[in-house]
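*Asks:* Fold the following and give me the result.
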Amino acid sequence: MTTLSINENSAELVDLLASTNTSDSLTTVKTIHVSELTSLPAFAYEKIRNIVDYKEENLLRKNAISRLLKRKFILPQFNQPSAAVAQAIIRELILSRYLANDSVPESVIAQLSVVLDKYFALFDAIRHRGCEIPRWREQILGLAAVECDSYIVSTQERHAYTAFATKLIRPSLDLTLLDQSADRQNIQITLTIERVLNRADRDILNYYLLRHYYPDWFQLEGQAAGTYLAPLVTKLLQEFSAISSDPLGKRLLTIIKRLLVPVMIFRQACRSYPGRVNDLLRNFQTLEQQIRTTYRAYWRDTRRRIRRKGFHAMAYIFITKILLAILLELPYEKFVVGHISYLPLGINLLFPPLLMMVITLLIKSPGAQNEERIVQGVKEMITDTEADFFATHQLTAKTTKFWAKLFYGLLYILTMTASFSALVFLLWRLGFNTLSGALFIFFVSLVSFFGISLRQQARQLKVVSRRETITTFLLDFFAVPIVALGKWLSNTFDRYNFLVFVMDFLFEVPFKTILKIIEDWFHFLKEKKEEMM
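*Replies:* Model (predicted):
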């Protein structure tokens, strides 16, 4: 057996993980219980809604909290007591099976009440003062959802790995030639690590910035907290926007994504050894075997997750296309064009979901060489082995000249013109009219962007660079403008998703109200039954 001498950073991680595994038993603690009968329809609703508005699995619970808070803060019934809102949050999460039944202590309700009191006070203070930042309510509700979620489910393990990864990667990045402050650079590094390692969204990243810039917010309660932060909200939200749009973040993302792959596999391997991480790290043979096993299992899980996302996208696109064909294409062709063109209609109906299926099925495994590099990377990061995988990357300030920017801009416009001209010509030859052609471009662009996103997720385990060929160059040349349009449409459609609005406000509110009445009725019957015993 070969024994490893782990470095200081790894030893600190072992200590932090050991502290996260020491939790009090719930056997003697009163927990929150909901009826299994009402849980089934709530769970089914969440599954349907997540198909319509799919997000990463680790964000679903936080997003469910955000939707409930939106109803409580923005709709007229927002003046409910914070304890009632806190209890409603926990019960809805259990009903929807984001939390296990009888797993949450009742004491969490009091903790959430304190958090909600702060945000109730902050909302009132901002309404009184006014705020010129667009969509400020949405951003503040996002912060509230993240803070509530952190009280419900511990984030200690996540923070432990983020700190470990930050200490590991920071020495590999030479940013001395950039003109930003060290604090701004460190913020961008941490946010990028959170985005990649923990798949953090805007709300979680903004919450980190809130903790960084205004730690006093977390020490205050109620009205005092609202009075403290309300005058600073405009400045805070402007800082959120400036940091999220900082070009340094995009440049770091390309480098950090690769450097974090060994950390992601290592974290998954350690989860198979709860409470025995120290033993795993010190036995190199066992560690190497576990890393290889975890890597292969992680890839299989990634492939399953990608195919599931692809299936959801195919189903959503197909259903949406059928609805649009009935509501728009058929009436347009019958009453405006004068006849129905079945070939364009069939292509419009079948090609986008088939394209999604092909993109999903063609995703390939990273390969054996990739696995060897990851094993080497894990060994480097937990020992004092000379850096090879974590070699230094130097970033320099970009000094692209005006004429170069103009040339590349014109070249990009030429590429867009060529791509869309070729596509429009092909559609014209196939007999597409203006509406059917526009819908085809709309859906193909969305599918292309979503397909590229899935392929990027498949490449999250790749640490060996792919070889560029003339084929990949030509595909990129013609596909990039279409993907760029798909990205713009996706962001716009995500913001103004009519189906999500219908489900959240016209269906979810009465549906969840009915479930609450049924749940309260079951609770009443149970109390009556106990009284008669």
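
*Asks:* isn't V463 right up against E371?
*Replies:* No: proximity of V463 to E371 does not meet the contact threshold set by CB atoms under 8 Å, at 9.5 Å. For every residue, glycine as well, the C-beta is placed using N, CA and C.

*Asks:* ok, how many other residues are close to I382?
*Replies:* For I382, the tally of surrounding residues (other CB atoms under 10 Å) stands at 26.

*Asks:* Could you measure from it over to V480?
*Replies:* I382 sits 39 Å away from V480 when distances are taken as CB to CB, to the nearest Å.

*Asks:* dump the residue contacts of the residue nearest to D246 when sequence neighbours are not counted.
*Replies:* Closest residue in space to D246, ignoring its immediate chain neighbours: Q188 at 6.2 Å, by CB to CB, 6 or more residues apart in numbering. Counting by CB atoms under 8 Å, 6 or more residues apart in numbering, Q188 touches I243, D246, L248, G249, L252.

*Asks:* What strand or helix carries Q188?
*Replies:* Here Q188 sits within helix 182-197, counting by DSSP states H and E.

*Asks:* what's the distance between the residue nearest to D246 and P134?
*Replies:* 24 Å.

*Asks:* Next: D149.
*Replies:* D149 is 25 Å from P134, by CB to CB.

*Asks:* In the stretch 51-200 of the chain, what residue spans correspond to strands?
*Replies:* When secondary structure is read from DSSP state E, counting those that start in this stretch, the stretch 51-200 of the chain shows strands at 173-174.

*Asks:* For it, which segments count as helices?
*Replies:* All helices of the stretch 51-200 of the chain, identified by DSSP state H, counting those that start in this stretch, fall at 60-74, 82-95, 107-129, 136-152, 156-169, 182-197.

*Asks:* Can you give the distance of the third one from its chain's centre?
*Replies:* Chain-centre distance of helix 107-129: 25 Å, with CA atoms, centre = their mean, to the nearest Å.

*Asks:* Name the residues of that helix that are buried.
*Replies:* Judged by neighbour count using 16 or more other CB atoms under 10 Å, the buried positions of helix 107-129 are 108-109, 112-113, 115-123, 125-126.

*Asks:* Check which helices and strands the helix or strand where I452 lies is in contact with.
*Replies:* Following DSSP H and E, the helix or strand that holds I452 is helix 434-458. If you count contacts as 3 or more CB pairs under 8 Å, 6 or more residues apart in numbering; DSSP states H and E, helix 434-458 packs onto helix 284-324, helix 342-361, helix 402-429, helix 470-495.

*Asks:* tell me the mean pLDDT over the helix or strand just after the longest one?
*Replies:* On the C-terminal side of helix 284-324, the nearest following helix or strand under DSSP H and E is helix 330-332. The average pLDDT within helix 330-332 is 86.

*Asks:* low-confidence ranges in the stretch 401-533 of the chain?
*Replies:* Within the stretch 401-533 of the chain, the segments meeting pLDDT under 70 span 401-402, 466-478, 493-507, 509, 522-533.

*Asks:* let's see 90
*Replies:* Regions of the stretch 401-533 of the chain meeting the criterion pLDDT under 90 cover residues 401-424, 426-533.

*Asks:* Just the buried positions in the very next helix or strand once past the helix holding Q188, please.
*Replies:* Remark: after helix 182-197, the chain's next helix or strand is helix 202-213, criterion DSSP H and E. For helix 202-213, the buried set under the neighbour-count rule, 16+ other CB under 10 Å, comprises D203, I204, L205, N206, Y207, Y208, L209, L210.

*Asks:* so, if you compare the buried residues of helix 107-129, which one comes nearest to R303?
*Replies:* For these, the residue nearest R303 by CB to CB is V108; the value is 36.3 Å.

*Asks:* I figured the closest one hits I152, correct?
*Replies:* Yes: using CB under 8 Å as the test, V108 is close enough to I152 to be in contact (6.1 Å).

*Asks:* Pull up the overlap in contacts between these two.
*Replies:* Common neighbours of V108 and I152 (CB under 8 Å, 6+ apart) are I90.

*Asks:* do you know how far the residue nearest to A42 when sequence neighbours are not counted is from S66?
*Replies:* Across the structure, with CB to CB, 6+ apart as the measure, the residue nearest A42 apart from its sequence neighbours is L95 (3.9 Å). Applying CB to CB, one obtains 17 Å for the distance of L95 from S66.

*Asks:* L350: which of the contacts of Q188 is nearest?
*Replies:* The closest of the contacts of Q188, once distances to L350 are taken by CB to CB, is G249, at 39.1 Å.
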